[in-house]
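>>> generate coordinates for the sequence data below:
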Amino acid sequence: MTDPEHPLPAVDTGGDGEPVFRIALVALAEVEVNFLLGTMDFEDYADGVDDDGVVRGFDR
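Predicted coordinates:
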């Protein structure tokens with residue numbers, strides 16, 4: 001709770017890929033929109049996590 005990014009957990013409940021990663025708040029809207037539009041899926045983001053397991057977006 002003291003982390004300024006306060007990453008939120010993302011859990012895949014229906015896929016065969018990595019079951020969990022975290023999303024930094026700055027990337028939350030990007031992830032949500034891409035999921036809703038179907039342009040990216042859970043595995044795309046799971047493959048794009050940083051070394052600490054947090055997605056911070058792709059346009060950094």
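>>> drop to CA atoms for contacts and neighbour counts, all remaining ones
OK.
>>> list the residues that contact Leu25.
Taking Cα atoms under 8 Å, 6 or more residues apart in numbering, we find Leu25 in contact with Glu5, His6, Pro7, Leu8.
>>> now intersect those residues with the helices, please.
Among the contacts of Leu25, no member falls in helices (DSSP state H).
>>> out of these, who's nearest Asn34?
Distance to Asn34, by Cα to Cα, is smallest for Leu8 among those, at 16.7 Å.
>>> re earlier: pull out the buried members of the contacts of Leu25.
Pro7 (16 or more other Cα atoms under 10 Å).
>>> which parts of the helix or strand of the chain with the lowest mean pLDDT are buried?
Ranked by mean pLDDT, DSSP states H and E, the helix or strand of the chain with the weakest confidence is helix 42-47, at a mean of 88. Of all the residues in helix 42-47, those buried under the rule 16+ other Cα under 10 Å are Phe42, Tyr45, Ala46.
>>> repeat for stretch 27-38
Ala27, Leu28, Val31.
>>> state the distance from the first one to Asp16.
Okay, so that is Ala27. 23 Å (Cα to Cα, to the nearest Å).
>>> ditto for Met40
In terms of Cα to Cα, Met40 sits 15 Å off from Asp16.
>>> these two - which one has more neighbours?
Met40 (14 against 9; other Cα atoms under 10 Å).
>>> can the contacts of Leu25 go into a markdown table with extra columns for pLDDT and distance to Gly57?
Formatted as a markdown table, the contacts of Leu25 follow (pLDDT from 0 to 100; distance: Cα to Cα, whole Å):
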| residue | pLDDT | distance to Gly57 |
| --- | --- | --- |
| Glu5 | 79 | 12 |
| His6 | 86 | 14 |
| Pro7 | 90 | 12 |
| Leu8 | 91 | 13 |
